[in-house]
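K.L.:
compute the structure for the input listed below.
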Amino acid sequence: MIPVKLIGTPTCRRYQRMKKVLLDAAERTQIFVDLNEIEEIEVLEKFNPLSLPRLYVNDELIASQNPPSVEKIVQFLQDSD
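P.N.:
Next up is the predicted model:
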């Protein structure tokens, strides 16, 4: 199981898209991910709001602001597996 962190607010369109792309990539590769959605204000305050949402795979930042492509996430998941 690969640890994944998604930091941002769930009401954000980019956050929702990033989550969907991540789950699609995990389903495509049949790799299980441990998705930790971080949306607490105390944590979000530590980041520049313009850099949110942020997606981490194995504590490595793979996307900030704009959702990555499914192919990019597939590559990171396979490299991390």
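K.L.:
residue nearest the centroid of this protein?
P.N.:
Per C-alpha atoms, centre = their mean, the C-alpha nearest to the average position across the chain is that of Leu55, at 3.0 Å.
K.L.:
after the host helix or strand of Tyr56, next one along is what?
P.N.:
Using DSSP states H and E, Tyr56 maps to strand 54-57. Going down the chain from strand 54-57, the next helix or strand is strand 60-64, by DSSP H and E.
K.L.:
pull the CA atoms of that next one into CSV?
P.N.:
In CSV, the C-alpha atoms belonging to strand 60-64 read as follows (Å, rounded to 0.1, in the frame of the first residue of the first chain):
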residue,chain,number,x,y,z
GLU,A,60,7.3,13.2,-2.7
LEU,A,61,5.5,16.2,-4.1
ILE,A,62,4.1,15.2,-7.5
ALA,A,63,1.6,18.0,-8.1
SER,A,64,0.8,21.5,-6.9
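K.L.:
oh, and call the first residue 26 from now on, that's how I've got it
P.N.:
Renumbered: residue one is now 26, and that last one reads strand 85-89.
K.L.:
what mean pLDDT would you report for that strand?
P.N.:
Strand 85-89 shows a mean pLDDT of 93 in the predicted model.
K.L.:
and that strand, which strands flank it?
P.N.:
strand 79-82 (antiparallel) (DSSP bridges).
K.L.:
go through the longest helix seen in the chain and flag the buried ones.
P.N.:
In terms of residue count, the longest helix belonging to the chain (DSSP state H) is helix 38-54. Within helix 38-54, the residues that qualify as buried are Tyr40, Met43, Lys44, Val46, Leu47, Ala50, Ala51, Thr54, counting by 16 or more other C-beta atoms under 10 Å. Bear in mind the C-beta positions are built from the backbone N, C-alpha and C, glycine included.
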